[in-house]
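Chemist: Build me a model from this:
(chains A and B)
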Amino acid sequence: MRRRIEALGWLAAERKIDILCLQETKVVESLFPSDEIAALGYPHQAFAGIKAFNGVSILSKFPLLNVEVRDWCGRRDCRHILAWAETGTPLGKLEVHSLYVPAGGNLADPVRNEKFRHKLEFLAEQAHWWTARGAGSNRVLAGDFNIDPLIADVRSRERLPLTVNHTEIEIIYLEHLRRAGGWIDAFRLKHPDDEPSFTCCSHRAGNWDPVGRGQRLDHIWISKNLKPVVKTAEIFKEALGWDLPSDHAPVIVTLDARLQT
DNA sequence: ATGGTCGCTTGGCGA
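Modeler: Residues are numbered from 1 along each chain as shown, chains lettered A, B, ... in the order given. Alright, predicted model coming up:
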């Protein structure tokens, strides 16, 4: 993320984001660029990182309380951080989670590919945890889930049924997680299921086309009580055209307490 | 169709 501070500033300026959830920050806590990020308007920060890989963060204009870093699959690999954001609005406190699901490697075989096995175990442990936690309100789960749940979330699903991120077993495991937490996909709440929607294109693809290609790997899920207050949900593709872009476009959801009935 | 380019780090891994 240290390579993306400038882009973060443009995003903050153009869209006035209140709470940012980042994944794959690739920076250990002692090197986290707190001062630069505070200068962009995010003095409240929760972050967890290891050297070079993974790493998650929540950046907020609102105070963050009860920051918690959770380990999964017996690994301290910094894929999940949560905190309560005190919004100071009629919405009150939001329980915000930033999640980075393992990518799963190339081969969609949990026996022969340890990375894929880890991905499935991660999703299963998450589902178990959310079930044990029980129903909740004012929850937001945002992250790189590394899965395309719907046909329209990937280009040419029919040509890629055996490819990691699109396989049936991953989608089933993610659906279990979704049900366990009582989550609603905020993006699809505002967009038809068959609308092709992508957040991510590989840097390896050369002259990749962020509009016509890619995958929807990045998601913002909300608890049921927030459903009426979702005002907009979008994939901010403009950011992919900036200098030194991330290979993931920001997903932006706006909540408006005035919509509450 | 099994490459390609990045970022983090300095040889090579993970995406």
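Chemist: what residues does the stretch 1-150 of chain A put near DNA strand B?
Modeler: Within the stretch 1-150 of chain A, the positions near DNA strand B by CB under 7 Å from any atom of the strand are A:1-3, A:24, A:26-28, A:51-53, A:102-103, A:105-106, A:115, A:146. Where C-beta positions appear, they are placed from N, C-alpha and C, glycine not excepted.
Chemist: Buried subset of the residues you listed as a ChimeraX selection?
Modeler: Here is the ChimeraX command that selects the buried residues among these (16 or more other CB atoms under 10 Å):
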select /A:1,24,26,27,102,103,105,146
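Chemist: mind listing which of the residues of the stretch 1-150 of chain A next to DNA strand B are in helices?
Modeler: Of the positions in these, A:Lys115 sit in helices, assigned by DSSP state H.
Chemist: OK, contacts around A:Leu189?
Modeler: Taking CB atoms under 8 Å, 6 or more residues apart in numbering, we find A:Leu189 in contact with A:227, A:230, A:233.
Chemist: Can I take it that it is in a strand?
Modeler: No - with DSSP: H, G, I helix; E, B strand; the rest coil as the criterion, A:Leu189 is located in helix rather than a strand.
Chemist: how far away is it from A:Trp183?
Modeler: Here A:Leu189 is placed at a distance of 11 Å from A:Trp183 (CB to CB, to the nearest Å).
Chemist: now swap in A:Gly143 and tell me
Modeler: In terms of CB to CB, A:Gly143 sits 12 Å off from A:Trp183.
Chemist: Quick check on these two: which one has the bigger neighbour count.
Modeler: A:Gly143 (24 against 19; other CB atoms under 10 Å).
Chemist: what secondary structure does the more buried one sit in?
Modeler: A:Gly143 ends up strand, using three-state DSSP.
Chemist: In contact with it, which residues are there?
Modeler: Neighbouring residues of A:Gly143 by CB under 8 Å, 6+ apart: A:21, A:23, A:56, A:97-101, A:218-219.
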